[in-house]
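Undergrad: Return a 3D structure for these sequence lines:
(one chain, ligands or ions: 2)
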Amino acid sequence: QDLFETLAAEIEVLKKERKAVILAHYYQRPEVQDIADFVGDSLQLSQQAANTDAEVIVFCGVHFMAESAAILSPNKVVILPDQKAGCPMADMVDADGLRAYKKRVPEVQVVCYVNSSAEVKAESDICCTSSNAVKVVQSLQGDNILFIPDENLGRYAAKILGRSLQFWPGYCKTHDRLSKEDIQRAKNEHPSAKVIVHPECREDICEAADYVGSTAGLIKYAQNSENQEFIVGTESGILHRLHQVCPEKKFYLASERLVCPNMKLTSLEKVRDALKNLSPRVTVKEEIRVKAKAALERMLAL
Ligand code: 13P
Ligand code: SF4
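TA: Ligands and ions are numbered 1, 2, ... in the order given. Okay, the predicted model is just below:
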């Protein structure tokens, strides 16, 4: 704890010197969330990145999030404290694969989950996050639509809207670990708890849940619910914010395996060093950036 306080104080000083803003995702370690200027879900973080006056954005999250910030704010220095913090789901689709698909299926409209590279976004028509996927798909006409890379989120949106979509075989390695048996076990232990899950979970899990939503959606639901207990089907980092906003309620992680190793790579030491060295920096080639920005901005305009 003393070490955390010392590091937090150092970060505070460096942050002012660098005119930096620290953005953190809800899946980050508690101590990292605590030193952030803003903690949010992917959509809120991209909105913050697009609107900040800061000169430096320190992104405590994974690579695609920092990359989106660099796409939206090209004149800012965007830092990802650990270069290795990637997203395995984002790596499940690449621009060559997507181009080949588009060749095979002419006129296909591509909805791209933000958990993807800038190159893939540049080949897509519109981006979405887990909190607006339904709205984004709804905004498109016709039935020749491909949803990439998360098949679970795509199927969830398609089902809500009663639309038929084409899917890409991508998934989140963390959420995909959650099984029906895990949910059943948690329900047996906590029979009056509501089950709240992220749409990156498998279809059968979403069907068995009381509420499905993005991280921000899950937090809001828990806050507004009369219920006092919740079984939580998303990455463990969210528990920190849930306990902060609902200190009187009880939250049970649906499985101990709901930990995204990439989200946990960011530490206070790395945030401090990143501010000191203004590195590792995330940049995007201008021709890719402009195209990817169009897909992101089409989403943000909705
Ligand atoms: P949200 O922030 O949209 O809930 O997405 C979760 C996620 O997997 C980010 O990596
Ligand atoms: Fe990627 Fe899943 Fe980790 Fe989010 S939780 S960064 S989707 S692997």
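Undergrad: Quick check: pLDDT value at A50.
TA: Predicted confidence (pLDDT) for A50: 89.
Undergrad: ugh, typo on my part, it should be S46
TA: 89.
Undergrad: Please, which helix or strand holds it?
TA: helix 42-51 (DSSP states H and E).
Undergrad: Also E17?
TA: helix 2-18.
Undergrad: How about V110?
TA: Per DSSP H and E: strand 109-113 holds V110.
Undergrad: ok, is that strand in contact with ligand 1 or not?
TA: No - with CB under 6 Å from any ligand atom as the criterion, ligand 1 is not reached by strand 109-113; the gap is at least 8.7 Å. Using the backbone N, CA and C atoms, a C-beta is placed for each residue, glycine as well.
Undergrad: Who are the packing partners of that strand?
TA: Applying 3 or more CB pairs under 8 Å, 6 or more residues apart in numbering; DSSP states H and E, one finds that strand 109-113 contacts strand 126-128, helix 133-138, strand 145-148, helix 151-161.
Undergrad: Out of those, which one sits most buried?
TA: Most buried of those, by mean neighbour count (mean count of other CB atoms under 10 Å): strand 126-128, with a mean of 27.
Undergrad: before we move on, what SS does the residue in the stretch 201-302 of the chain that ligand 2 sits nearest to have?
TA: When scored by CB to the nearest ligand atom, the stretch 201-302 of the chain has C260 as its residue closest to ligand 2, at 3.3 Å. Under DSSP: H, G, I helix; E, B strand; the rest coil, C260 falls in the coil class.
Undergrad: Isn't it up against H198?
TA: No - C260 lies out of contact with H198 (CB atoms under 8 Å); the separation is 11.1 Å.
Undergrad: I'd say A85 and L265 touch.
TA: Yes - counting by CB under 8 Å, A85 touches L265, with 4.4 Å between them.
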